[in-house]
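[1] Return atomic coordinates for the entry below.
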Amino acid sequence: MLKALESTHHKAGPAASSFLFDQVAALLCYDPGVRSGEHDASSAMGAAAGRVWSVLGDRRLFDRTTVDGLRAELAWLSEALGPLSHSAPVHDQTRSNVQGPAQGSAYEAAYDRALAALESGRYFRLVADLQEFCSAPPVRKPRRRHLYGRRLYRG
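    Here you go, the predicted model:
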């Protein structure tokens with residue numbers, strides 16, 4: 001998708017903002033699932049945050065100073081969700097594969113960390129900043145090429 005956006009600067013704004021809007025919507029869609037402890041929701045929310053982070057990293061599309069703060073906050077959110085995505089809840093383990101109370105406490109600690117992140121003011125600021133960004137993305141304007149900057153040789 002990004003290659004198509006790079007080739008047409010004048011069409012990059014609407015396509016990029018539409019993709020970002022969809023990914024931010026996906027991120028918010030998985031929020032209730034993560035809060036209720038659905039294991040797949042944390043992985044999906046982390047993946048959506050990663051896609052937003054990746055698209056914002058294209059310096060040819062967006063103003064760098066604006067997106068750097070958003071990318072840092074998305075990285076923080078991914079770090080908070082990561083351990084929950086990689087641990088399994090106790091009720092999903094089979095009796096023959098139970099590794100003792102350490103596995104359950106690891107999941108509970110990861111869940112508590114993810115839940116604390118989702119209930120923090122930092123998360124709500126990130127959501128508000130992403131929604132504001134999507135409503136009016138600061139798309140970089142293409143540079144104008146000047147003829148006096150190039151040498152034209154004929155002959």
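
[2] Excluding chain neighbours, what is closest to Tyr111?
    Leu84 (5.7 Å; Cβ to Cβ, 6 or more residues apart in numbering). Glycine gets a C-beta too; all of them are placed from N, C-alpha and C.

[3] what comes up buried for the helix or strand that that neighbour is a member of?
    Assessed by DSSP states H and E, Leu84 sits inside helix 64-86. Across helix 64-86, burial judged by 16 or more other Cβ atoms under 10 Å covers 67, 70-71, 73-74, 76-78, 80-85.

[4] Using pLDDT, spot the least trustworthy of those.
    On pLDDT alone, Ser85 ranks lowest of the buried residues of helix 64-86, at 80.

[5] What is the neighbour count of Ser105?
    Neighbour count of Ser105, defined by other Cβ atoms under 10 Å: 11.

[6] Report the next helix or strand after the helix or strand bottoming out on mean pLDDT in the chain in sequence order.
    When the helices and strands of the chain are compared on mean pLDDT, DSSP states H and E, helix 2-7 comes out lowest with a mean of 39. The first helix or strand that comes after helix 2-7 along the chain, using DSSP H and E, is helix 9-35.

[7] Could I get the average pLDDT for that following helix?
    On average, helix 9-35 scores 80.

[8] between that helix and helix 64-86, how many degrees?
    30 degrees (axes from the mean of the first three to the mean of the last three Cα atoms, to 10 degrees).
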